Structure formats: structure tokens, C-alpha cells
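Asker: have a look at this fold, sequence not included:
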């Protein structure tokens, strides 16, 4: 597998976009590659989702691409506006739609046209008129300022070559008092060069993981408060299955990233701090 250490940010995005385009168009049950990009719907049960979450959604909405369940830390409420970064086939967007109801709104953003097409078809099948999927990069969100209550994301920010920009954009689109509820892969130790410079480890959610302390600094620099990055040691077994015998589980873990934007009158209720 080729080395990506010296390629540009746009080339990183192209590699990620190409990999997930293959996932979006893959035959049901096929795995495009090792790592979190290999579609395994049953994996969602290991990541904290329930059978009730999975049932009743269109085929292909749940591709098992995540590394956790951001729904459990989001504490979504009826009527809220939710933004899903890297929405894929729409799995977390549709779970959010169930919770915010007809008075709420869900916006899903993904940079892969094939994923956006799949998600839109799934929304049409569900009759989810208040779920809107948009093509765009999470570093340059196609979303207006200050309209979002909650931002979800599942195993996507690690893929970005410009993570500070992701958090700045998240801060911009959130309302005062709005919150982040993110599941992602983080580095628990510096990632060795033999893992950090391989494209398959990048698109497989390992090589692009940032250290916990760096992520906390990025979120605070963007303006967030109540910042916490909580690594989950129990994810070790799942990560070990992404790249068997690589030792990736010694350097990265699934984590919850939680923060709030100052302002508003929400306070800091359950799940947001």
C-alpha cells in the first residue's frame, strides 16, 4: 500500500473519498478494505446500538462504519436541529430523526457523492421529509451560521487532514448553548511511522487519529467549553479486528468527544458535559 506522508490535504481527501465511494456502491455484505471503512452492519450491535435502532431502516442505511454510538451522549430532544458530519448512508441521521420528530430537522453532510445519493434515496424510502443530505466537506460546511442544536459524527473527523477547521466550522454553525456529541478514533500514544504513513491505515481510521490532548486543544481553540475526550479501552477488541496483527489497538481507541458552545439558556444537561 502506498505511502501518504508527503501528499497534500486534497490528495488525502481524494483517497478517503475514493474508498468510501467504493463502500457506497459495494454489493451488500462486501468489505472494501480492512478498517472502519469495511461495511459490517452487525458491528453496530458491538458499538452500543440496539436491535430497535437497526430495525426498520432501509437496506444500506446502516453499513456498520462507525466506532461508537454518538446517540447515547447526544441527549436529543424533540424539535431540535441536528447536524451529522460524514453522514454516509444516513444511519445516525435517521436515528436522530426518530428522536427530534416532525418538529425537528436533521442535516447530513458527506463529501462522497455516492454516499449522498444513497442517503437521499434512503430518506425518500422512509418518508423523512425533514432530513436533508448535502454534499460538502466537513472543513467547509454547507450550513448557515448558528442554526444547529447538536452536532453528531461517527468515526469521521479522524479522516480529516484539517481537524482544527472542522471544529471551527462546527462552532460556527452551532447555536449558543449547542453541543458536540461525537464518536471518533483517537490516538492514545504516538502512532509509529509504519502505521502512520499507509493510505489503507488512513482510510481505515487509524493513521489520521489525533492525540487526545491535541483534540482537546483544538476544540478549546475553536471556542468550545466543557471539553472532554473520553477514550474507551473496551474498543480495543473491535479495533484489533480492523487490521489483524498490526498492533493498531495499542495506539488508537474509540472515544467520545463532548463540548458545548458558550451562550444560550440550555445550561449543561445530561449528555452534553
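Answerer: That came through fine. Computed from a prediction, not measured in an experiment: that's the story for all the values here.

Asker: drop to CA atoms for contacts and neighbour counts, all remaining ones
Answerer: Fine.

Asker: now the element after the longest strand anywhere in the chain, going C-ward?
Answerer: Secondary structure assigned by DSSP state E gives strand 174-187 as the longest strand of the chain. On the C-terminal side of strand 174-187, the nearest following helix or strand under DSSP states H and E is helix 193-196.

Asker: contacts for that following helix?
Answerer: The contact list for helix 193-196 (CA atoms under 8 Å, 6 or more residues apart in numbering) reads 5, 201-202, 206-208, 248.

Asker: most neighbours of all these, which one?
Answerer: Ranked by neighbour count (other CA atoms under 10 Å), these have residue 206 at the top, with 30 neighbours.

Asker: hey, where'd the strands end up in this protein?
Answerer: Assigned strands in the chain, in chain order: 81-85, 105-110, 131-135, 148-154, 174-187, 225-232, 252-260 (criterion: DSSP E).

Asker: compare the ones you listed and give me the one nearest residue 217.
Answerer: Between residue 217 and the strands of the chain, the tightest spacing by CA to CA is seen for strand 225-232, at 9.0 Å.

Asker: and the closest one, what's its mean pLDDT?
Answerer: For strand 225-232, the mean per-residue pLDDT is 96.

Asker: which other helices and strands does it contact?
Answerer: Strand 225-232 is packed against helix 212-222, strand 252-260, with contacts defined by 3 or more CA pairs under 8 Å, 6 or more residues apart in numbering; DSSP states H and E.

Asker: per-residue pLDDT, residue 260?
Answerer: 98.

Asker: ranking the helices and strands packed on strand 225-232 by burial, who's on top?
Answerer: Comparing the helices and strands packed on strand 225-232 by mean neighbour count (mean count of other CA atoms under 10 Å), strand 252-260 comes out on top with a mean of 27.

Asker: ok, residues contacting it?
Answerer: Counting by CA under 8 Å, 6+ apart, 67-68, 70, 177-189, 191, 206, 209, 219, 224-233, 235-236, 239, 272-273 sit against strand 252-260.

Asker: apply 7 Å and report the result again.
Answerer: Strand 252-260 has contacts (CA atoms under 7 Å, 6 or more residues apart in numbering) with 67-68, 177-188, 206, 224-233, 235-236, 272-273.

Asker: coming back round to it: any chance of the contacts of helix 193-196 in a markdown table, plus pLDDT and distance to residue 116?
Answerer: Listed next are these as a markdown table, based on pLDDT from 0 to 100; distance: CA to CA, whole Å:
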| residue | pLDDT | distance to residue 116 |
| --- | --- | --- |
| 5 | 60 | 29 |
| 201 | 87 | 24 |
| 202 | 86 | 21 |
| 206 | 90 | 24 |
| 207 | 87 | 25 |
| 208 | 90 | 23 |
| 248 | 93 | 30 |
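
Asker: quick check, nearest of these to residue 113?
Answerer: For these, the residue nearest residue 113 by CA to CA is residue 202; the value is 19.9 Å.

Asker: wait, that closest one sits on residue 210?
Answerer: No. In this structure, residue 202 is not within contact of residue 210 by CA atoms under 7 Å, at 11.7 Å.

Asker: circling back to that earlier point, ok, of the contacts of helix 193-196, which one's closest to residue 83?
Answerer: Taking CA to CA as the measure, residue 83 lies nearest residue 208 of the contacts of helix 193-196, at 22.4 Å.

Asker: the closest one: what's it in contact with?
Answerer: Shown in contact with residue 208 (CA under 7 Å, 6+ apart): 158-159, 202.

Asker: now do 8 Å
Answerer: Residue 208 makes contact with 158-161, 196, 201-202 under the criterion CA under 8 Å, 6+ apart.

Asker: in this structure, which segments are predicted with low confidence?
Answerer: Counting by pLDDT under 70, the chain has low-confidence residues at 1-6, 27-48, 50, 60, 62-64, 265-273.
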